[in-house]
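K.L.:
Sequence below, structure please.
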Amino acid sequence: NEIFHKILGTINTPEKFEAYRLTMAMSEWRRMKSTDSRECRNCHQFRSMDLDKQDERSAERHDPHVWEELDGKEPSKTCIDCHKGIAHHLPEGWEEAVDNDPLLANKDDSEGEE
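P.N.:
Numbering: from 1, shown residues only. Take a look at the predicted model:
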């Protein structure tokens, strides 16, 4: 998609790229949400995470013991729900855009992104 838009001239300058960054990010986040963050899960599985190597906040969120409260099911959230901006800096206006997107909005999550 990025190469296509470079050829089209949509993002062929740093200024155009920055102006289109939010659109590209939202598209990618929707794609990842729709695949349950498949690209992350190819390598990262909740049950194989070493919680001792994570900070306290992250370990609490990834802790499988929390799942007992969910009848042993893994959390309904997917990686991209909490990890937007992990590979690229977040585009300007992303929070409002996510809040207004029915697929991406975390209405039950009062805590910020990581």
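K.L.:
What helix or strand is the most centrally placed residue in the chain located in?
P.N.:
Residue closest to the mean C-alpha point of the chain, counted by C-alpha atoms, centre = their mean, is Ile80 at 2.0 Å. Per DSSP states H and E, Ile80 falls inside helix 79-82.
K.L.:
what's the following helix or strand after that helix?
P.N.:
Helices and strands here follow DSSP H and E; after helix 79-82, the next one along the chain is helix 94-99.
K.L.:
Can you show me the CA trace of that next one as PDB?
P.N.:
Output of helix 94-99 as PDB, limited to C-alpha atoms (Å, rounded to 0.1, in the frame of the first residue of the first chain):
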ATOM      1  CA  TRP A  94      -5.100   9.500  16.300                       C
ATOM      2  CA  GLU A  95      -6.900   9.400  19.700                       C
ATOM      3  CA  GLU A  96     -10.000  11.200  18.400                       C
ATOM      4  CA  ALA A  97     -10.000   9.200  15.100                       C
ATOM      5  CA  VAL A  98      -9.800   5.900  17.100                       C
ATOM      6  CA  ASP A  99     -12.500   7.000  19.500                       C
END
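K.L.:
Please work out which residues outside that helix touch it.
P.N.:
Defining contact as C-beta atoms under 8 Å, 6 or more residues apart in numbering, one finds that helix 94-99 is touched by Leu22, Ala25, Met26, Trp29, Lys84, Gly85, Leu104, Ala105, Asn106, Glu113. Just so you know, the C-beta spots here come from the backbone N, C-alpha and C atoms, and that holds for glycine as well.
K.L.:
Sitting in helices, which of those do you find?
P.N.:
Members of those lying in helices (criterion: DSSP state H): Leu22, Ala25, Met26, Trp29.
K.L.:
Pull up the gap between the last one and Thr35, please.
P.N.:
Yep, that's Trp29 we're talking about. Note on Trp29: its distance to Thr35, by C-beta to C-beta, to the nearest Å, is 11 Å.
K.L.:
what about these two, which has more around it?
P.N.:
Trp29 (22 against 13; other C-beta atoms under 10 Å).
K.L.:
correct me, but that one touches Ile80?
P.N.:
Yes - taking contact to mean C-beta atoms under 8 Å, the distance of 5.4 Å between Trp29 and Ile80 places them in contact.
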